[in-house]
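A.B. asks: I would like the atomic coordinates for the input below:
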Amino acid sequence: MSSQKDDFEAVVKTGAPGTVAAFAPARKGGLAQIQHMLHLQPALVPLFVLAMSILTFGLLLGTKFFSPFALTLILQQVQIVGIVAAAQSLVILTAGIDLSVGAIAVLSSVIMGQFTFRYGLPVEVAVLCGLAFGTAIGTLNGWLVAVMKLPPFIVTLGMWQIVLAANFLYSRNETIRAQDIESQASLLQFLGTTFKVGANDAGQGGATFTYGVIAMVLIFVILAYMLRHTAWGRHIYAVGDDPDAAQLSGVNVRATIISVYALTGFVCAIAGWALIGRIGSVSPTSGQLLNIESITAVVIGGISLFGGRGSILGTFFGALIVGVFTLGLRLAGADAQWTFLLIGVLIIAAVAVDQWIRKVSG
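C.D. replies: I've put the predicted structure just below:
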């Protein structure tokens, strides 16, 4: 009886007409408090998994893994997937999905290369044209979803096929070699340019970064700020949570969705530029798995596939988790299939945790 009295104790305001009884809220257990905390800060789960992954591989491999070279190599390996995953996060937050992100990135890189070498445009103009094409394709996706009311999955699946075919037809399946780019249009490889931090006078040691890594980090920082501190960011979450309620509250749902897909196309075009720097050449066959890898990073990063919940910083952590597992298992000499197995387990676990967290009300 005493515990029931504590849980349901009524505090009665006396001395005034119309007295109302206010009930004290029920106390939450430890598990419920954790669930509520993760509901408010969904990036904590992938951050914890990332920290444990780094610690585990560090203990198993020692300095082989904990060297500045190895840790910065992870960033270099995930820079393309990270940039595309940042774009994918925006779409998934609106309860959509974009299967064309990889194809947009590759076509943008092909346009940059072909406009430079086939048409003789200045490389700066060619890069801008590639960025514009990516933005245009994303805008078209958004228009089909927001105005024509077509399902995002179907729209982007069809656009993926169209862009992929256009990529091969336009490029004639030809690769622009790294030697040609280095001698005539080095700006195309700019985001792949490396620089050292903390090296000695002889240029040895220290951490090696690329400008593509800097671009990835800046994209995440800018998008995180926009999602958290601007009306546009709040509108994205509102549309993903309940588009009808968002419309009734004054949010322009159509404009928000179109802007999200347009920005997604623009960011994917930046990924295409970074892809040239990463592989050194312009290849129409590169980046074939970017769409799947980007969704993997988003899901592991804790962004809900149902929309309206999650943090883009979680996506950054998700991309790093994939990079840590890939490099750690490679340094340990394990079969590459173990990477796919563990990543698959993480995906299922992330979705299960998301379903559990979504049970929290408010």
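
A.B. asks: what about residue 153, which helix or strand?
C.D. replies: Per DSSP states H and E: residue 153 is located in helix 152-171.

A.B. asks: average pLDDT for that helix?
C.D. replies: Throughout helix 152-171, pLDDT has a mean value of 96.

A.B. asks: convert the C-alpha atoms of it to CSV, please.
C.D. replies: What follows is helix 152-171, C-alpha atoms only, in CSV (Å, rounded to 0.1, in the frame of the first residue of the first chain):
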residue,chain,number,x,y,z
PRO,A,152,10.2,8.1,-53.1
PHE,A,153,11.3,4.5,-53.4
ILE,A,154,9.8,4.1,-56.9
VAL,A,155,10.9,7.5,-58.1
THR,A,156,14.5,7.1,-57.1
LEU,A,157,14.7,3.5,-58.2
GLY,A,158,13.6,4.6,-61.7
MET,A,159,15.9,7.6,-61.6
TRP,A,160,18.8,5.3,-60.6
GLN,A,161,18.3,3.2,-63.7
ILE,A,162,17.9,6.3,-65.9
VAL,A,163,21.0,8.1,-64.6
LEU,A,164,23.0,4.9,-64.7
ALA,A,165,22.1,4.3,-68.3
ALA,A,166,22.7,7.9,-69.2
ASN,A,167,26.1,7.7,-67.5
PHE,A,168,27.3,4.8,-69.7
LEU,A,169,25.7,6.1,-72.9
TYR,A,170,27.2,9.6,-72.5
SER,A,171,30.6,8.5,-71.4
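
A.B. asks: and it, what does it pack against?
C.D. replies: In terms of contact count using 3 or more CB pairs under 8 Å, 6 or more residues apart in numbering; DSSP states H and E, helix 152-171 is assigned the packing partners helix 101-117, helix 123-146. For every residue, glycine as well, the C-beta is placed using N, CA and C.

A.B. asks: now it: buried residues?
C.D. replies: Using 16 or more other CB atoms under 10 Å as the test for burial, helix 152-171 gives 152, 155-157, 159-160, 163-164, 167, 171.

A.B. asks: most tightly packed of the helices and strands packed on helix 152-171?
C.D. replies: Among those, helix 101-117 has the highest mean neighbour count (mean count of other CB atoms under 10 Å), at a mean of 28.

A.B. asks: and residue 334, what is it in contact with?
C.D. replies: Applying CB atoms under 8 Å, 6 or more residues apart in numbering to residue 334 gives no contacts.

A.B. asks: ok so, going back, looking at the helices and strands packed on helix 152-171, which is closest to residue 45?
C.D. replies: Minimum separation from residue 45 across these (CB to CB) falls at helix 101-117, 23.6 Å.

A.B. asks: now the closest one: mean pLDDT?
C.D. replies: Averaging pLDDT residue by residue across helix 101-117 gives 96.

A.B. asks: equivalent analysis for stretch 176-189, please.
C.D. replies: Confidence over stretch 176-189, taken as the mean pLDDT, stands at 91.

A.B. asks: same check, this time on stretch 128-148
C.D. replies: Model confidence over stretch 128-148 averages 98 on the pLDDT scale.

A.B. asks: mind listing the strands for the stretch 1-150 of the chain?
C.D. replies: For the stretch 1-150 of the chain, the strands defined by DSSP state E, counting those that start in this stretch cover 10-12, 21-23.

A.B. asks: weakest of the ones you listed in terms of mean pLDDT?
C.D. replies: Across those, strand 10-12 has the smallest mean pLDDT, namely a mean of 43.

A.B. asks: who's in contact with the closest residue to residue 145 other than its chain neighbours?
C.D. replies: Closest residue to residue 145 apart from its sequence neighbours, by CB to CB, 6 or more residues apart in numbering: residue 152 at 5.1 Å. Shown here is residue 152, whose contacts under the criterion CB under 8 Å, 6+ apart are 91, 96-98, 141, 145.

A.B. asks: what about residue 299, how many residues nearby?
C.D. replies: Under the neighbour criterion other CB atoms under 10 Å, residue 299 is assigned a count of 26.

A.B. asks: ugh, typo on my part, it should be residue 302
C.D. replies: Residues near residue 302, counting by other CB under 10 Å: 27.

A.B. asks: that one contacts residue 42, doesn't it?
C.D. replies: Yes: contact between residue 302 and residue 42 holds when scored by CB atoms under 8 Å: they sit 4.2 Å apart.

A.B. asks: any common contacting residues for those two?
C.D. replies: 310-311, 314, 354.

A.B. asks: and those, which two are furthest apart?
C.D. replies: Of all pairs drawn from the shared contacts of residue 302 and residue 42, the one with the largest separation by CB to CB is 311 and 354; the distance is 12.5 Å.

A.B. asks: pull up the overlap in contacts between the two.
C.D. replies: Shared contacts of residue 311 and residue 354, defined by CB under 8 Å, 6+ apart, are found at 42, 302.

A.B. asks: show me where the stretch 251-362 of the chain has helices.
C.D. replies: Residue ranges of the helices in the stretch 251-362 of the chain, as given by DSSP state H, counting those that start in this stretch, are 253-279, 290-300, 312-331, 337-357.

A.B. asks: any chance of these in JSON lines, with mean pLDDT and distance to residue 242 too?
C.D. replies: Supplementary listing: these in JSON lines, determined by pLDDT from 0 to 100; distance: least, CB to CB, whole Å:
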{"stretch": "helix 253-279", "mean pLDDT": "97", "distance to residue 242": "10"}
{"stretch": "helix 290-300", "mean pLDDT": "93", "distance to residue 242": "21"}
{"stretch": "helix 312-331", "mean pLDDT": "93", "distance to residue 242": "20"}
{"stretch": "helix 337-357", "mean pLDDT": "85", "distance to residue 242": "17"}
